[in-house]
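Asks: Give me the fold of what follows.
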Amino acid sequence: MAGEGSVFAPSLEGMKHVKSEQGEMLTKPFLDVCKLILPVIDKFGAALAIVKSDIGGNITRLETKYSTDPTKYKLLYSMVQEEVQAKTAKGSSSCTNGLLWLTRAMDFLVELFRNLLTHQDWTMSQACTDSYSKTLKKFHGWLASSSFSVAMKLAPDRKKFMDVISGKGDINADIDSFCSTFSPFLAENHKFLASVGMDDLKAS
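Replies: Just a heads-up that it's a prediction; the model follows:
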């Protein structure tokens with residue numbers, strides 16, 4: 001059970017509803033979980049402002065599409081399949097692109113929180129930089145990488161950050177649950193995107 005008051009509690013609750021009884025990824029519940037993670041990102045302040053606006057923009061893009069026909073787009077991958085058939089999936093404003101970058105940004109966060117759990121001696125910037133190099137960096141061009149490096153220097157003090165996100169919960173247990181429950185969903189997104197040849201698109 002998620003600790004009362006930890007910032008992860010709402011997203012952990014939401015993760016129970018991401019898949020249908022048939023095991024399919026559902027659009028709205030997945031996007032809702034991503035939205036519930038935004039307040040966690042807020043706590044990083046300026047360091048992750050770029051990541052937050054990126055995530056927010058991609059959620060909005062996918063939600064906008066979903067709301068045009070909630071029945072048709074009930075399953076998360078339906079909008080991608082439609083774009084792949086229409087040959088519009090690679091466009092920079094496609095939902096395919098939105099889902100890909102949303103998933104990558106979430107990979108970065110999962111990796112970052114894993115680092116905070118595993119490397120108790122690391123500073124927050126170390127944890128961020130390591131996670132960035134393992135996840136987003138290889139898909140970013142020079143410009144994105146440099147603005148990211150600058151932002152990482154604004155990372156908050158680790159101890160203060162942990163105090164802020166803990167609430168009354170067992171924060172380490174919640175971080176662990178968050179990483180282990182959320183990463184299989186992200187892996188499934190990558191697997192699906194790879195199956196339609198869309199998992200390795202780079203930023204322009």
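Asks: could you pull out the helices for the chain?
Replies: Using DSSP state H, the helices of the chain run over 9-14, 27-42, 49-68, 78-86, 95-118, 124-134, 142-152, 158-166, 171-195.
Asks: Any regions of the chain where pLDDT drops low?
Replies: 1-5, 204 (pLDDT under 70).
Asks: Look up how far C95 lies from the residue of the chain most remote from its centre.
Replies: Going by C-alpha atoms, centre = their mean, the residue of the chain most distant from its centre is A86, 26.5 Å out. Separation of A86 from C95 (C-beta to C-beta, to the nearest Å): 11 Å. Every C-beta, even on glycine, is put in place using the N, C-alpha and C of the backbone.
Asks: same check, this time on Q126
Replies: 35 Å.
Asks: higher neighbour count, the two?
Replies: C95 (25 against 15; other C-beta atoms under 10 Å).
Asks: Apart from its neighbours in sequence, what residue is nearest the more buried one?
Replies: The shortest distance from C95 to any non-neighbouring residue, by C-beta to C-beta, 6 or more residues apart in numbering, is to M79 (4.3 Å).
Asks: Now for the one you found, how many residues are close by?
Replies: For M79, the count of nearby residues is 24 (other C-beta under 10 Å).
Asks: and it, what does it touch?
Replies: Residues in contact with M79 (C-beta atoms under 8 Å, 6 or more residues apart in numbering) are 27, 62, 65-66, 73, 95-96, 99.
Asks: please redo it, this time with the cut-off set to 10 Å
Replies: Listed by C-beta atoms under 10 Å, 6 or more residues apart in numbering, the contact partners of M79 are 27, 61-62, 65-66, 68-69, 72-73, 89, 94-96, 98-99.
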